[in-house]
Structures are given as C-alpha cells and as structure tokens.
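pasting a predicted model and its sequence here:
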Amino acid sequence: MTSTRKSSGMRSEKLAIVVTVVMAVTLAACTSSVSSRPTSRTASSSEGSHSDLLSATTATTVPYLGPCPLQPVSLPATHVPASGLVVVDVGTRQRFHPIRVMPLDNPQAATFAGGDLYVSYAPAGPETGFRVERIDPKTGVLARSPWFLGYSSPLVAAFGSIWVVAGTGHCPYQIIRLSQETLAVTMRTQIPRPFSGAYLLADDGGLWFFSVNSARLARLNPHTGHFSTVVLPEMALDSQVVGFASDPKSGLLYISVVINENDSDSQATERFDPITGSFLVVPPPPGWVYNLFGVAGDILWVSEGPGNMSHFAPFSATSLAPLACARTQTCMLSGINGNVVALVEDGILAFEEAHSPDSGTGYWRLDCIVGPSVSTVARLQLPSDAASFGAPTSPPPLLALGDGYLATFARVGTDGGSGVAIFPLDPRCAR
C-alpha cells in the first residue's frame, strides 16, 4: 500500500508523508475567477492523440551509463535488537513488540506491498543519493536497488513495480521503474520540462504528476514510457497548485489550486475523472488555503492553513463540500505545526500527534481514524526510544502501515544509529 504523508513538519516524502510542496505554476491562459457554484468541465486530452502529447522516452538501461554515475554502497543486513521499542495501545494497554529491527542509513520514505516493506534510505557519501531496500518482516533483507542521485521521493508500488524519482539540478530528473522482486532497474524515463515528478500518484492505469510552471497534469504510461498531458481549468498567471491526491477506488484525481496568491478567497478544488476527461470545480470555504492529501472511503481529507496551526478536516469526495465535522467543529484534528502529521493509507487516516508531558519522556501518539464523524478506532503510543525528557522524538516515527504491519523509525545499536522497526499492526487500524 502506498502512503502519503503531509504536514508542515514533514521529514522527507512517506509522504509520508508524506510530501506535497507548494509550487508556483505559470500559465498565460484562463484568467476568469472561480464561480460560486460547482462547474463541470471536460478535458480535451487523450493519450496518443492530443496535440500536447509529449515525446515518449523508454529506456531499459541496466546498468545506467549516463553522466550521473552510480555509487557503490554496502550496508549490513543484520538484525539488531533495540531496547525500549514497543507500540502500546493507549486504551487496552496491549503491547506490540517489534518483529524485526534493521539498521538503515537515514530512512526517508516507505511503503508496504505484497507483504514486504520497501524503504528508501540515504547512505552517507560524497554525493547526495539514495537506495531502495526490500525487507521481509520475518526474514529480513531480500533485495537492494542501485544507488540513485538526488533525494528520494515517496515510493509508489503500482502495476507490479516500485517507482521512484531521481535526479538533481545538474542531472535530469527521471521516473525509474524497479522490479518489485529484485529492485533491478527495468525502465528509466526522463521527465520532460516543465514537469516535476517529485510526487507521483498511481491512478487510471498510469502515473500522474503536475507541472512546476504550467497548468497541466502529466500522465506516464507505465508500460511504454509515453507521456500525455491534461490542462487544468480555472488557472491564472499567478496560480499555484497546493494539493494533489487520488482515490484508488474510484480512479478520480483531486487538485487544489490557488488561482490568485494575493487573494485568499481565490481558490478552487478540482476533481478530475481521467476516463471521461471531465472536471468538477468547486470553491472551498473562504479564508484559508486548503491542501488535499488523501482519500479514504468517501472522505477527502484536507489540511487547512496557513498559520502556526495545522488543521485536518473531512470533505465529501463526491461534492467536494466540507462535512459537518469541519473548521470550527470540535471533531477537527489540529495541532501546532511540526507537532502533527497525517497520512491516508489502507482506508484510514493515520494521525500522529506529539505529546510532551510535564514529567517523563515525550512520545508520539497515533490515532487510526475512519468515517466522516472522525471516529478513532484505535489509539497507539509509538516507540520513543530516542526521545528526550518531556519531548518526543523528531522527526515523527511512523514510516508506513499496511499489510498487517506498522513501520517506524528506530535507533539501533549502542551508538544510536538510524534504522527501521517493523511491528504487527493493531487489527483495528486495518480497514
């Protein structure tokens, strides 16, 4: 399952995750203001036929021989127990002990797929780069990918493969397809300008991402490497995309756009159906910027800001309207920036909140939340083996959950090195 983490205190990508950064989007096109009523639009773009179709790039370079060389890196694959690592149910006091604890340099993003954990990490070295590791929670490391230049994006498990984005300002950004079994590179596709693939969504048989400075979405065919584009409606010269999410069940995409950055009321939430090419455009409640970050069931979870507080509220994924539990309602989830994190995964909202008691060690609490009424089905105290007195660890510990497991950051060994711990997941958090 793919996780997506978002908060003002995000540590990476998982993402995130975690992962969507506000990006400037420039377009010399539609300058009309948002209507006060929902509107429906139809996109005139289809793969292989639209005039905006970008040239395809398909490569099977194994090994890669480009200008940005691979760097050999080795890491131990030993199982390293760590004292104090335990997940505790706050209500029942049930304790979940780790199945496996692994040393890993600077874990960045993770996802579960097929019962295995896939995690990206950044080994120390002269160049900024990352690798991906496949871990069986019961037996340990099964495979490692080559070394990639740049920072890891949130991992995407889709279409029988693992997908990452690699590159820097000096080397072109690429979407890289890895074998889900061996993590060997099976395809490299250079991202055409002006698009940025730092945040990928799998939907409608393709991988979607948005443009840095043009009002378009891009779709990558995962089998051929062909790109196609879709123009977003309701865009102006100084527009910004501030949110991007998908619903794996319905195949719909959701985009939040600030049409005029000087006008806080000039924002639109757009729902795009890739099959029909139609858009539903709805202005959200005025006052704050609304950042979309995931769909669980029929609920579109929205982060409200800016400011010193982060607020999370449920919106209808059908009408794009806020539900009864929104904004000023007591059921809204909120906290000081950097002290709350949320991700949507396995049909639930996983909400992390830092707790700093007056006495004792601080910790992070994980609420598994379902439904529009924001019902907490389980509340877990996450490991705090490296927390300081009265304060929780930083960054937040949760990396991913899914397939009956929960993965967290962990401090391992006597020197407190970085690593990953895998726990059995409270069954109430698996929907």
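Thanks, I have it.

checking the closest residue to V377 other than its chain neighbours next. Helix, strand or coil?
Leaving aside its chain neighbours, V377 sits nearest to R428 (4.6 Å; criterion: C-beta to C-beta, 6 or more residues apart in numbering). C-beta: built from backbone N, CA, C; applies to glycine. Secondary structure, DSSP: H, G, I helix; E, B strand; the rest coil: R428 is helix.

so R428 touches R379, yeah?
No: using C-beta atoms under 8 Å, R428 is not in contact with R379, being 9.7 Å away.

which one of these two is surrounded by more residues?
Using other C-beta atoms under 10 Å, the more surrounded residue of R428 and R379 is R379, with 20 against 16.

re earlier: for S375, see how far away the residue nearest to V377 is.
11 Å (C-beta to C-beta, to the nearest Å).

which parts of stretch 244-255 are buried?
Going by neighbour count (16 or more other C-beta atoms under 10 Å), the buried part of stretch 244-255 is 244-247, 250, 252-255.

list the contacts for T128?
If you count contacts by C-beta atoms under 8 Å, 6 or more residues apart in numbering, T128 has them with 122, 149-151, 168.

so which of those residues are in strands?
L149 (DSSP state E).

for ChimeraX, what selects the buried ones among the contacts of T128?
Entered in ChimeraX, the line below selects the buried ones among those, by 16+ other C-beta under 10 Å:
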select :122,149,150,151
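
please name whichever of the contacts of T128 scores lowest on pLDDT.
Ranked by pLDDT, the contacts of T128 bottom out at T168, which scores 78.

and the host helix or strand of F244, what does it pack onto?
F244 belongs to strand 240-247 when assigned by DSSP states H and E. The helices and strands touching strand 240-247, judged by 3 or more C-beta pairs under 8 Å, 6 or more residues apart in numbering; DSSP states H and E, are strand 23-24, strand 201-203, strand 206-210, strand 252-258, strand 289-296, strand 299-305.

swap in 6 Å and give it another go.
Counting contacts by 3 or more C-beta pairs under 6 Å, 6 or more residues apart in numbering; DSSP states H and E, strand 240-247 is packed against strand 252-258, strand 289-296.

now, which of the contacts of T128 sits nearest A400?
Taking C-beta to C-beta as the measure, A400 sits nearest to A122 out of those, at 16.8 Å.

any chance of the helices and strands packed on strand 240-247 in CSV, plus distance to V302?
Converted to CSV, the helices and strands packed on strand 240-247 look like this (distance: least, C-beta to C-beta, whole Å):
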stretch, distance to V302
strand 252-258, 8
strand 289-296, 5
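
those: which one's closest to G160?
Nearest to G160 among the helices and strands packed on strand 240-247 is strand 252-258 (21.5 Å), distances taken as C-beta to C-beta.

quick one: residues in contact with the following helix or strand past that closest one.
Sequence order places strand 267-273 as the next helix or strand after strand 252-258, per DSSP H and E. Identification of contacts with strand 267-273 by C-beta atoms under 6 Å, 6 or more residues apart in numbering yields 34, 234, 252-258, 279-284, 320.

show me the two of the buried residues of stretch 244-255 that sit farthest apart.
Spatially, the most separated pair among those is F244 and S250, at 15.7 Å (C-beta to C-beta).

quick one: low-confidence parts of the stretch 301-431 of the chain?
305-307, 324-332, 357-362, 372-373, 384-395, 413-417, 431 (pLDDT under 70).

tell me where it has strands.
Using DSSP state E, counting those that start in this stretch, the strands of the stretch 301-431 of the chain run over 309-316, 333-336, 340-345, 348-355, 363-370, 375-381, 398-402, 405-412, 417-424.

what's the answer for the stretch 51-200 of the chain, then?
87-89, 95-96, 100-103, 107-113, 116-121, 129-136, 140-144, 148-149, 156-158, 161-166, 174-179, 185-190.

so what does the fourth one touch, helix or strand wise?
If I follow you right, that is strand 107-113. Judged by 3+ C-beta pairs under 6 Å, 6+ apart, the packing partners of strand 107-113 are strand 116-121, strand 398-402.

let's go with 10 Å and repeat that
Here strand 107-113 touches strand 4-6, strand 116-121, strand 129-136, strand 156-158, strand 161-166, strand 398-402, strand 405-412, strand 417-424, going by 3 or more C-beta pairs under 10 Å, 6 or more residues apart in numbering; DSSP states H and E.

give the bridge partners for L252, please.
Beta-bridge partners for L252, by DSSP bridges, are D247.

and it, what is it in contact with?
203-204, 245-246, 271-275, 280, 295, 300, 317-318 (C-beta atoms under 10 Å, 6 or more residues apart in numbering).

neighbour-wise, which of those residues leads?
Highest neighbour count within those: L300, with 31 neighbours (other C-beta under 10 Å).

I'd assumed L292 was in contact with that residue.
Yes: counting by C-beta atoms under 10 Å, L300 does reach L292; the two are 6.5 Å apart.

find residues that contact each of these two.
Residues touching both L300 and L292 (C-beta under 10 Å, 6+ apart) are 243, 245, 254, 256, 269, 271, 315, 320.

what's the closest of these to E352?
Comparing the shared contacts of L300 and L292 against E352 with C-beta to C-beta places A245 closest, at 18.4 Å.

who touches the closest one in this structure?
Neighbouring residues of A245 by C-beta under 10 Å, 6+ apart: 4, 6, 20, 201, 203, 252-256, 271, 291-295, 300-302, 317, 344.
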